[in-house]
Every structure is written in structure tokens, then in C-alpha cells.
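>>> Sharing a model prediction with you, sequence too.
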Amino acid sequence: MIVHDKLYVGGQWVAPAEGGLLDVHSPHDKSLVGRAAEASPADVDRAVAAARKAFDDGPWPRMTPRERQAVIARFNELHAARADELAALITSENGSASWFTRWTLHALAEQTGAYLRAAEAFGWEERATESGPLIRREPVGVVAAVIPWNAPHQSALVKMIPALLAGCTVILKASPETALDALVLGEIFEQAGLPEGVVSILPAGRETSAYLVAHPDVDKVAFTGSTAAGRTIASVAGQQLKRVSLELGGKSATVILPDADLSAVVEGLRFLSFGNNGESCVAHTRILAPRSRYEEVVEAVKTMTESLVVGDPADPGTWIGPMVRADQQQRVRSYIELGISEGARLVTGGPEVPEGLEGGYYVRPTVFADVDNGMRIAQEEIFGPVLVVIAYEDEDDAVRIANDSPYGLGGGVWTADVERGLALARRIRTGFFTVNGADPGFDAPFGGYKGSGIGREFGAVGLAQYVEHKTIAV
């Protein structure tokens, strides 16, 4: 059993003010993975005070961009060296299949590398025109980074790295479900050599999160999570005129055009729809199929779904592990029951717990057909391995259905004609879109329209979320 009984506050390992410990249980078999220190509002006060002092008086914001880049490059090397260890830990905490956690943790070296490249080329101080005013890009201040449990190191570093490169100080508020790996992150930042006060890591629940978000000495909140929570954070930030970036929910549509290769489509959807147990904001959960090939698409998606191995997430052969908690398991099962009651055709799966896996928080990967886009299972984010297949008449109808959503995070199109796919992509109101499953990398911005968020992450655009622009006329 792992025990981390201290918090990382401003570069120091300290006992939690109220002495609380979080029990972290495996969603696979409910066994105790470990115990971690739990932060309270008193710990938030300590962390914010340290961050405020480090920002106002410390060396980090006053170092050159290259000096900060050198520290972050060291961190990146140290973090990459522990990728497999961290992947195994996260799998034990949140139930993500080991293939997914390994892939994610190894990809983070490139995610951070993209930020380092952006920082090296960034216009930290430059003339607007040859004889015009000076434009300076300065750090926004003390940043509260609030993250979920589903991809914890990705969510943490996509915020912390650009904030630190910009010269900000950062308090990371981690989820209770993934408290152990968050505190390991503190060990790596400590080894990288950050100055005192620059980083704090506080695992805690919602009450402490709310206290941190509303703290008057926090200059910016960077949040990944549900749209409902994002609205609350935006409201608090608006009252204080605090800077905010929000990466929120999604109900992404993938459009299969009549000329698409279905074997390539379903292989792509194995990743895009069912990656990370379906507990992904960007998952392609609405499958839009042409009426002319509808039953063929339904059968292909059914066959692919039934081929997925559900079970122990630590087993390399497992594709889908358990949901993270009992309430999340029940939420997904209740949506499956809702789909049946709404009149959708249950193609595969169902609300029953998979046989032999009753000891964990498992659900059956489920596909519904004959779904109307107005049904709740087509409009609401389920955050689990549940897909709906919706028929469309022509491309205009497909665009209408894809855009008929309160969300606008991701999506995709599948076609033998790339130019046709690009033309359709330009009509879909989402922040990220893929043609034939193409990988965008980490240099291009990522974020959402509508209820899917505010702001962008990755690369130069993501780095720019953590600076203020100052104009100096000379």
C-alpha cells in the first residue's frame, strides 16, 4: 500500500492542516491502493500565500524565459523517465486500461516539448511595428489549476507547464480519486529545481476546490471538468474579474460519409469512442451514418464493440476497465436504461454488470441504434462506453445533426475524398475535428465551442492563455 501523508506546499512537504487522509480504492476490486494527504481550506491559504509571495517577490517571474525553459526541460526528462511507473499507478487509482495510461504518459513528453518549442519562439517582448510601441507579454499571476481524475497527469501538465513557462506560480488541485499520482508529481517538480513557493499540489474534494477558486489572491483559474462545474467557476471568476480557461464536456459526432471504408472507421472508433473506458470529454459518442448504409454501419459498430475486452485494467489485453466510482457506474447504467425507455434499439450491451466483474465498477460497452438526436442519450454527456448511431439523409442533414448539440468540443468525418471531408469539417461548430482519424499533435490549439469551454490548450495558443499583454509607448 502506498502512503503519501504530506502535501506539497510551495516546495515543502508539510502535514495537512487538519490531518486528513484520503483512502484511494481500486475501481477494479475496491481494494485499498493507498492513502494520501487531504487538503483543507487552511492548506489552500498556505499554498496561495506561498504562491503570492513567490510571484510578487520571488525569482521565478523575473528569470529569463530561457532560464525557465531549462527548468521545465529538466522536469520533462524526469517525468518521462517515470512514465511506466506513473501509468501503472494511475491505472490502479482510476481504472483506466493500462494501454491507455501508458500511451498517455509517454505522449506527455511531446506535449511538454510542444510548449517548450512555443516558449522558445514566443514574442515575450517585441515591437508592434518597426517604430511602434513595445508589447510585453507578462505572466498572469497566481494560477489555480483544477483537474479531474480521468487523465490526471495530462490534465495537470497541460495547465501547469504553460503557466510555469510564462512565469506564473501554480496551485494544482487534484481529485481525491487520483491523489497518489498527484503527489508523485510534486516529487518530480521538486527534483527539477523550482524555486520556493512556485508549485503546490493539493488533493481535495469539492469544498476545498470551491474555496481555492474563489480565493481573492488567485489571478486565474484553469479548469478541466464538467460543463455544470465550469459554469459555476465562470460565475465566480466573473464576479472577481478573474481570468479563466475552461475545458469542459462534449458529445462529439463522427460523420460517416457514404464512400467511407467501414473497416477503417470502426478501427478508428475503437480509439476515438472507447478510449479511456469512454470516460473522455472528446469521445466520439454520436455516430452519424448515411441512411443508405445505416444497417451496415450499425452491424460494423456492433461487431467492433463486442470484440472489446472488458476486465482488469492492469491486464495488457484489456481494452475497457471499470468506471472510476460506484456513482459513475450507476450514472452510466441509468443512461442505458434511459435509452431503452426512450425507445432506442439496444444493439449490444445493456444495463447489467458484466458477468464475473461484479466486484468492480464495470458496465457493458453499449450501442444504441434508431436514435433521434433529440433523445437525452444523444444530447447529454454520459461519460462512459455508450454510443448512439443516428441516421442522416444527406450532408446538409449530417451537419445539422452534428451541430444540434449544447456542446462543441470534438468530432470527425470519414470519407475516401479528403477535400470533401475538409469541406464538411469547416461547417461543424467544434474546436477540434479530425478527418479520417488524423492526429493533430500538440502544437495546434485544443478546446471547445458553446458549452464545451472557454480558451484553448496546447502549443503557442495554450501558452498565451497565461500571459497579460502590456503596451509601452516610447
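Here it is on my side, so go on. Residues are numbered from 1 along each chain as shown.

>>> Would you mind measuring from the spatially most central residue of the chain to residue 120?
Residue closest to the mean C-alpha point of the chain, counted by Cα atoms, centre = their mean, is residue 155 at 4.9 Å. Separation of residue 155 from residue 120 (Cβ to Cβ, to the nearest Å): 24 Å. C-beta coordinates here come from the backbone N, C-alpha and C atoms, glycine included.

>>> next one: residue 202
31 Å.

>>> coming back round to it: where does the residue nearest to the centre of the chain fall, secondary structure wise?
Residue 155 is part of helix 152-166 when elements are defined by DSSP states H and E.

>>> low-scoring stretches of the stretch 351-474 of the chain, by residue?
By pLDDT under 70, the stretch 351-474 of the chain has no low-scoring segment.

>>> And the strands in it?
Remark: strands assigned in the stretch 351-474 of the chain by DSSP state E, counting those that start in this stretch are 366-369, 386-392, 407-408, 411-414, 434-435, 449-450, 453-454, 467-472.

>>> Among those strands, single out whichever gets nearest to residue 212.
Distance to residue 212, taken as Cβ to Cβ, is lowest for strand 453-454 among the strands of the stretch 351-474 of the chain, at 18.6 Å.

>>> who does that closest one pair up with?
Each strand pairing with strand 453-454, determined using DSSP bridges, is listed with its direction: strand 243-247 (antiparallel).

>>> List the contacts of the partner strand.
Outside strand 243-247, the residues within contact range by Cβ atoms under 8 Å, 6 or more residues apart in numbering are 140, 219-224, 230, 233-234, 237, 281, 446-448, 452-457, 465.

>>> Just confirm residue 128 contacts residue 470, I think it does.
No - judged on Cβ atoms under 8 Å, residue 128 makes no contact with residue 470 at a distance of 11.8 Å.

>>> shared neighbours of the two, which are they?
Jointly contacting residue 128 and residue 470 under the rule Cβ under 8 Å, 6+ apart are residue 135.

>>> ok, back up a step: Throw the strands of the stretch 351-474 of the chain into a markdown table and include mean neighbour count and distance to residue 209, thanks.
Formatted as a markdown table, the entries for the strands of the stretch 351-474 of the chain read as follows, by neighbours: other Cβ atoms under 10 Å; distance: least, Cβ to Cβ, whole Å:
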| stretch | mean neighbour count | distance to residue 209 |
| --- | --- | --- |
| strand 366-369 | 25 | 31 |
| strand 386-392 | 24 | 27 |
| strand 407-408 | 24 | 22 |
| strand 411-414 | 27 | 30 |
| strand 434-435 | 19 | 32 |
| strand 449-450 | 17 | 24 |
| strand 453-454 | 24 | 17 |
| strand 467-472 | 12 | 25 |
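
>>> export these to JSON lines and tack on distance to residue 311?
Converted to JSON lines, the strands of the stretch 351-474 of the chain look like this (distance: least, Cβ to Cβ, whole Å):
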{"stretch": "strand 366-369", "distance to residue 311": "16"}
{"stretch": "strand 386-392", "distance to residue 311": "18"}
{"stretch": "strand 407-408", "distance to residue 311": "30"}
{"stretch": "strand 411-414", "distance to residue 311": "28"}
{"stretch": "strand 434-435", "distance to residue 311": "29"}
{"stretch": "strand 449-450", "distance to residue 311": "36"}
{"stretch": "strand 453-454", "distance to residue 311": "33"}
{"stretch": "strand 467-472", "distance to residue 311": "46"}
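
>>> which stretch among these comes nearest residue 176?
Of the strands of the stretch 351-474 of the chain, the one closest to residue 176 (Cβ to Cβ) turns out to be strand 453-454, at 23.2 Å.

>>> thinking again about what came up before, which among the contacts of strand 243-247 count as buried?
Burial of the contacts of strand 243-247 was assessed by neighbour count (16 or more other Cβ atoms under 10 Å); the buried members are 140, 219-224, 230, 233-234, 237, 281, 446-448, 452-457, 465.

>>> where are the low-confidence patches of this protein?
Nowhere does the chain drop to pLDDT under 70.

>>> how is it carved up into domains?
Domain segmentation of the chain under automatic domain parsing yields 2-248+452-472, 252-441.

>>> What is the end-to-end distance of the last one?
In other words, domain 252-441. Its first and final residues considered, domain 252-441 spans 19 Å by Cα to Cα, to the nearest Å.

>>> Equivalent analysis for stretch 136-149, please.
For stretch 136-149, the first-to-last residue distance is 36 Å (Cα to Cα).

>>> from the chain's centre, how far out does it sit?
Here stretch 136-149 is found 16 Å from its chain centre; the criterion is Cα atoms, centre = their mean, to the nearest Å.
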